[in-house]
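Colleague: Any chance you could fold what I've pasted below:
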Amino acid sequence: MAFTEQQYVDMSTKLQQVKEEIHRFIVGQEEAIDYTLYAVLADGHALLEGLPGLGKTMLIRTISEVLDLSFSRIQFTPDLMPADITGTSMIERTPDGKQQFTFQPGPIFSQMVLADEINRATPKTQSALLEAMGEKTVTILGDTKKMARPFFVLATQNPIEMEGTYPLPEAQMDRFLCKILVPYPEKSELMEIMKRTTGAQEIGLQKQMDTDALIQAQQMVKEVMVADEMLEYATDLVVATHPERTDALDEVKQYAMYGSGPRGLQSLIKLAKARALMNGRFHVSVADIKSVAKPVLRHRMLLNYEGEASGKTADDVIDVILEKVQQGISK
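Modeller: Prediction:
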């Protein structure tokens, strides 16, 4: 192991300072902050879903400031085109009178990209993010360009039930490491939000990490150890989401149309490792896996008609899986 136990403890302390700095500006949203940071540490992308006005955009902007990352915001609308995201080549005249193509990079070429209200754009435009998210490159007119490092897409979306939204393609949903639900704030949190946003005092955020420190933290996450028992337990959870298996749980057979693929298991382990680092440990525990199961699996399980008609959610089915699939006991 390239890092010592003390280095893990020190990094955990630094990450707690990052959280505290974020909380100086963001009220509540404890889970949303935690899981977004886990996704950043795991070098992945996150999807935040919640009603308009709950602070999703502000949360992502705040994290980029505290981590000292270059930031771009893309407001997705029905008329947004793929070139508006990736950039385009334009013909420019050189000083000697000749003409040449010059690439004008789009907002995707930042370290942290906020895809705001991503499900308000058409599927064609949404798919423009696919290569950047999966391969961390963008190909324009046959020329492949690498993204900045580190590179994250943190997207927000409104619930599908709202008018003017387009469901994300399954291929793109799977590329998000996790889907984070942003709840409505409690009464006490609403009052604190009013105090912070309607008064004269302005809150200045202090940068707590730089790019090099964040890349080091990502490397430390990769080196967090996963015991075979933990890997088997995580695998059992993912396998349990498949309704077509003969040994599938009754609730999964009844309500699920399909379950998570291999990328879901990868995401489960990556996010569990990130949670372990945040807590100053260099090994994954059962609690880490259980804690990240819902954000990782909820957008990778599709319910069937009976599940939707019964008012079930993917979280309800995942709760059953977590309850019935025990560590060391394959179902």
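Colleague: For Val9, see how far away Leu205 is.
Modeller: Using CB to CB, to the nearest Å, we find Leu205 at a distance of 25 Å from Val9. (Each C-beta comes from the backbone N, C-alpha and C, glycine too.)
Colleague: ok, now Gly106?
Modeller: Gly106 is 41 Å from Val9, where distance means CB to CB.
Colleague: Compare the two and say which is more crowded by neighbours.
Modeller: Gly106 (21 against 13; other CB atoms under 10 Å).
Colleague: out of everything not next to it in sequence, what's closest to the most centrally placed residue in the chain?
Modeller: The centre of the chain sits closest to Ala46, judged by CA atoms, centre = their mean, with a distance of 1.2 Å. Of all residues not flanking Ala46 in the chain, Ala39 sits nearest, at 3.9 Å (CB to CB, 6 or more residues apart in numbering).
Colleague: For my notes, confirm that neighbour occurs in a helix.
Modeller: Yes - according to DSSP: H, G, I helix; E, B strand; the rest coil, the state of Ala39 is that of a helix.
Colleague: so it sits right up against Arg275, yeah?
Modeller: No - applying CB atoms under 8 Å, one finds Ala39 not in contact with Arg275, separated by 10.9 Å.
Colleague: With neighbour numbers in mind, choose between these two.
Modeller: For Ala39 versus Arg275, neighbours defined as other CB under 10 Å are more numerous around Ala39 (28 against 25).
Colleague: quick one, strands of the stretch 201-331 of the chain?
Modeller: Using DSSP state E, counting those that start in this stretch, the strands of the stretch 201-331 of the chain run over 256-258, 302-303.
Colleague: is it possible to export the ones you listed to CSV including mean pLDDT, mean neighbour count and distance to Pro185?
Modeller: Converted to CSV, the strands of the stretch 201-331 of the chain look like this (pLDDT from 0 to 100; neighbours: other CB atoms under 10 Å; distance: least, CB to CB, whole Å):
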stretch, mean pLDDT, mean neighbour count, distance to Pro185
strand 256-258, 85, 18, 32
strand 302-303, 84, 18, 28
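Colleague: Turn those into TSV, columns for distance to Leu181.
Modeller: Below are the strands of the stretch 201-331 of the chain laid out as TSV (distance: least, CB to CB, whole Å):
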stretch	distance to Leu181
strand 256-258	19
strand 302-303	16
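Colleague: right, so of those strands, which gets closest to Tyr184?
Modeller: Nearest of the strands of the stretch 201-331 of the chain to Tyr184, taken as CB to CB: strand 302-303 at 23.1 Å.
Colleague: Can you name the residues in contact with that closest one?
Modeller: With contact meaning CB atoms under 8 Å, 6 or more residues apart in numbering, strand 302-303 is reached by 170, 255-258, 312-314, 317.
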